[in-house]
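Peer 1: pasting the sequence and the predicted model now:
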Amino acid sequence: MTTHINKLAIFGVGLIGGSVALALKQAAAVGEVVGVGRSRANLDAALKLGIIDRIATTAAAAVQGADVVLLAVPVGQMAALMLEIAPHLGAETVITDAGSTKQDVAALMQQHLAAHLPNCVPGHPIAGAETCGAAAARAGLYQGRNVVLTPLPQSNKAALEKVRALWQACGAKVSEMPATQHDAIFATVSHLPHLLAYTLVDMIARRDNADTLFSFAASGFRDFTRIAGSSPEMWRDIALANRQALLNEIEQYQASLEQMRIALTAEDAAALEATFKRAQTARVRWSEE
Ligand SMILES: NC(=O)c1ccc[n+]([C@@H]2O[C@H](COP(=O)([O-])OP(=O)(O)OC[C@H]3O[C@@H](n4cnc5c(N)ncnc54)[C@H](O)[C@@H]3O)[C@@H](O)[C@H]2O)c1
Ligand SMILES: O=C(O)C(=O)C[C@]1(C(=O)O)C=C[C@@H](O)C=C1
């Protein structure tokens, strides 16, 4: 389905919001892109890079006449922005977001955008990087990648189709699922891995011989810990927003790690190799898919 957005207002012109703007511009699917941000330097960079056409200094100016408002800020910032935009939203304006957690965003929409729920469609692009800010944005970020929409019970068909078409114009494959299912899945395959990477790097960094350890770390360490270079603010907010699901994952991981500790203590070669083999098979199959 082709789409055209006359005016897109992006709150948070970073890696994710900026990449949406670039992808839509490349697809000639958007007219004007207006950016709102917390950092003037980042907005100036976004303007210079052609990611946005205009900086708006107030929420009212940003959302005025916008067909679509995209909230692409850390999930801990969503409530304040919803409160700010609510009085200024037009009857037709579609509101979506790119936050990594969905039950919290849906609940905030119910709370703060009550008069606009038919036009609200929460979403999450499953694509990203450890880099942040407008300078990290790129047009191809969503090409062939998944985007999960978690419509509200009140979301209307037209709004849902508008948001679906926006992401398809960015090259993404769009699917839908309930927010509860979304948050459980991403606790396992995204939030736990980030927590593990951060924890490992921090554990090493606090050792007296950290410099020596880092100087000998190679590609295995690099692959395992790339994501520990991600934004601490963003991941603080994700961890807190999906706290219960993440706590469940930590518990299951601890139990699995304990089995490995027991096998190693007992010099149980068969148990170690069986675990490594199962994991290798699953990892190879996943990367081939
Ligand atoms: N980075 C990823 O891999 C990834 C992937 C999918 C979804 N997400 C989600 O997308 C959202 C944005 O992440 P990102 O990677 O683009 O981060 P980013 O740091 O690159 O961009 C976020 C931008 O929002 C701005 N901002 C923060 N608070 C604001 C506020 N109150 N008002 C206006 N602007 C504000 C920041 O200045 C920054 O420019 C987050 O909710 C994140 O969870 C991230
Ligand atoms: O590639 C990365 O650096 C990412 O962390 C991207 C990643 C992930 O795969 O976990 C991170 C957060 C998201 O909400 C979606 C995607």
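Peer 2: Arrived safely, thanks for sending. Ligands and ions are numbered 1, 2, ... in the order given.
Peer 1: and the lengthiest helix in the chain, how far out from the chain middle?
Peer 2: Residue-count comparison of every helix in the chain, with assignments taken from DSSP state H, identifies helix 243-265 as the longest. Relative to the centre of its chain, helix 243-265 is centred 25 Å away, using C-alpha atoms, centre = their mean, to the nearest Å.
Peer 1: likewise stretch 233-244?
Peer 2: That offset, for stretch 233-244, works out to 11 Å (C-alpha atoms, centre = their mean).
Peer 1: for the stretch 101-250 of the chain, what lies in contact range of ligand 1?
Peer 2: His124, Pro125, Gly128, Ala129, Cys132, Gly133, Ser231, Met234, Ile238 (C-beta under 6 Å from any ligand atom). To be clear about C-beta, it is placed using only N, CA and C from the backbone, and glycine gets the same treatment.
Peer 1: ok, and of the residues you listed, which contact ligand 2?
Peer 2: With respect to ligand 2, and counting by C-beta under 6 Å from any ligand atom, the subset of these in contact is Gly128, Ala129.
Peer 1: who wins for most neighbours among the residues of the stretch 101-250 of the chain next to ligand 1?
Peer 2: Neighbour count (other C-beta atoms under 10 Å) singles out Ile238 as the most crowded of these, with 27 neighbours.
Peer 1: pretty sure that residue contacts Thr101?
Peer 2: Yes - counting by C-beta atoms under 8 Å, Thr101 is a contact partner of Ile238 at 5.7 Å.
Peer 1: can I see the domain layout of this structure?
Peer 2: Per the record's domain assignment (the TED database), the chain is made up of the domains 5-176, 181-288.
Peer 1: any idea which of those domains is most buried?
Peer 2: Among the domains of the chain, ranked by average contacts under mean count of other C-beta atoms under 10 Å, first place goes to domain 5-176 (a mean of 20).
Peer 1: give me the mean pLDDT for that one.
Peer 2: The predicted model gives domain 5-176 an average pLDDT of 98.
Peer 1: thanks again, I'm all set now.
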